[in-house]
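Trainee: next come a sequence and a model predicted from it.
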Amino acid sequence: MQITWFPPEGLLYMTVSYDHTHSHPHDVGGEPSGEIDTRDQGMTHWEKHANAFRMVMTGKGLASLDEMRRAAEDLGTRFYKIGYFERQTEAAAIALIERGVFTRSEFDVEMEAARARFDVPALNLPADHDHDGKPIQEDDAGGPPNEHHIMNLAMQALLVARGHLTAAEVRQMIENFDQEYPSRGAEVVVKGWMDPSFKASLLNDAKAAIASMGIDLEFQDDIVAVENTDDVHNIVVCTLCSCYPRFLLGQPPTWYKSRAYRSRTVHEPRAVLREFGTEIPSSVRIQVHDSNADLRYLVVPKRPEGTDNWNEKRLKSILTRDCFVGVAVPEAVSR
């Protein structure tokens, strides 16, 4: 099967052909790479929308992560020229068209309609026009949405019109990623620290144990909890893309999706940990866990010494997202 992709402005100016005899760009585990930028760059509004739309859309079975990954891989050299969310957006459009959810012509029409909604003519106001002596403030963005945001808006409009999802579901997903999901990991780990029987259940069947807390992992396939001990330190990576327990920890940090982290963690984890400022004794074995579309991992950090009498709130205060990936360890900070 072949799709020739020529939207306006040359956004996707390539031909997609499915040749699975060549190596694909996703699996970078063990390949050489440079230093990891350990800063989290955060997300723009359009990236948050793209992520939420993808999660709602795949959660409803309209396209699978495997289909989207294959579509992204078949972007050819373009894969390396655009960013993570741009690839995800283009892959989603290709997957939905292949599935027959909508046609290419329908998508093009909706793209034009989405652009038109933001094509607002400039106001010809008098030079001395102001508001209570203050000049009009322009929007921070300074212009219309970028083409990939337009693509996501067009896909969403088509799916809403067909009754597959609602705009409210996408908005709620954005709010969940911003507010609810990031706090869940600490809740689970602290309960394990304070309740040995729960920790045993967590390590035996993480998904069931987490569900017993009333936390809905929604369409997360499976999750495994791995415990740091005096003998083993765990670190999580996804060499394929950015598989991550989003419904438990929120959005993965920028560095987790980077080529440097994905390629180097599997063959030099101690060096990677040092770049995050984490030094693990040589007597402790480093165990690397490679996530995938069907399986995610949660690192259960060691409870620091001297915290036996700490309450739940104080214990949560020393836990960060990085602890649950394994690139950091919690420390008891005296107060």
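Mentor: Sure thing, it's come through. Numbers count the residues shown, from 1 in each chain.

Trainee: which secondary element of this protein has the worst mean pLDDT?
Mentor: strand 14-17 (a mean of 36; mean pLDDT, DSSP states H and E).

Trainee: give me the buried positions along whichever helix or strand comes after that one.
Mentor: Where DSSP states H and E defines the elements, the next helix or strand beyond strand 14-17 is helix 45-59. Of the residues in helix 45-59, 46-58 count as buried by neighbour count, 16 or more other CB atoms under 10 Å. No exception for glycine: its C-beta is placed from N, CA and C like everyone else's.

Trainee: one more: stretch 186-196?
Mentor: 186-193.

Trainee: export it to PDB, keeping only CA atoms.
Mentor: Presented in PDB, the C-alpha positions along stretch 186-196 are these (Å, rounded to 0.1, in the frame of the first residue of the first chain):
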ATOM      1  CA  ALA A 186       3.800   9.400  44.900                       C
ATOM      2  CA  GLU A 187       0.500   8.200  46.300                       C
ATOM      3  CA  VAL A 188       1.200   4.600  45.200                       C
ATOM      4  CA  VAL A 189       4.800   4.500  46.400                       C
ATOM      5  CA  VAL A 190       4.100   6.100  49.800                       C
ATOM      6  CA  LYS A 191       1.300   3.700  50.400                       C
ATOM      7  CA  GLY A 192       3.800   0.900  49.700                       C
ATOM      8  CA  TRP A 193       6.300   2.400  52.100                       C
ATOM      9  CA  MET A 194       3.700   2.700  54.800                       C
ATOM     10  CA  ASP A 195       1.900  -0.600  54.200                       C
ATOM     11  CA  PRO A 196       4.000  -3.700  53.700                       C
END
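
Trainee: so where do the helices sit in this protein?
Mentor: With DSSP state H, the ranges of helices along the chain come out as 45-59, 65-73, 84-99, 104-117, 147-161, 167-175, 184-194, 196-204, 206-212, 246-249, 259-264, 269-275, 312-317, 321-325.

Trainee: in the protein, where is pLDDT below threshold?
Mentor: Low-confidence regions of the chain, defined by pLDDT under 70, span residues 1-33, 120-143, 219-220, 334-335.

Trainee: which segments of it make up each domain?
Mentor: Taking automatic domain parsing as the domain assignment, the ranges for the chain are 2-30+63-163, 181-325.

Trainee: which one of the buried residues of stretch 186-196 sits closest to residue 228?
Mentor: residue 189 (10.6 Å; CB to CB).

Trainee: is it true that that closest one touches residue 301?
Mentor: Yes: between residue 189 and residue 301 there is a contact at 6.7 Å, judged by CB atoms under 8 Å.

Trainee: common neighbours of these two, please.
Mentor: Residues touching both residue 189 and residue 301 (CB atoms under 8 Å, 6 or more residues apart in numbering) are 319, 323-324.

Trainee: let's see if you can find the most crowded of these.
Mentor: Neighbour tally across the shared contacts of residue 189 and residue 301 (other CB atoms under 10 Å): the maximum, 25 neighbours, falls on residue 324.

Trainee: if I look at that one, how far off is residue 285?
Mentor: 19 Å (CB to CB, to the nearest Å).

Trainee: and the residue nearest to residue 271 when sequence neighbours are not counted, how many neighbours?
Mentor: Distances taken as CB to CB, 6 or more residues apart in numbering place residue 264 nearest to residue 271, at 7.0 Å, with adjacent residues excluded. By the criterion of other CB under 10 Å, residue 264 has 24 neighbours.

Trainee: and what of the one 5 residues further on?
Mentor: Counted with other CB under 10 Å, the burial measure for residue 269 works out to 20 neighbours.

Trainee: surely it touches residue 286?
Mentor: Yes: between residue 269 and residue 286 there is a contact under CB under 8 Å: 4.6 Å.

Trainee: shared neighbours of those two, which are they?
Mentor: residue 235.

Trainee: need the contact list for residue 56.
Mentor: 165, 169-170, 173.

Trainee: for the residues you listed, give me JSON lines that also has neighbour count and distance to residue 281.
Mentor: Conversion of the contacts of residue 56 to JSON lines gives the following (neighbours: other CB atoms under 10 Å; distance: CB to CB, whole Å):
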{"residue": "165", "neighbour count": "18", "distance to residue 281": "49"}
{"residue": "169", "neighbour count": "18", "distance to residue 281": "47"}
{"residue": "170", "neighbour count": "22", "distance to residue 281": "46"}
{"residue": "173", "neighbour count": "23", "distance to residue 281": "41"}
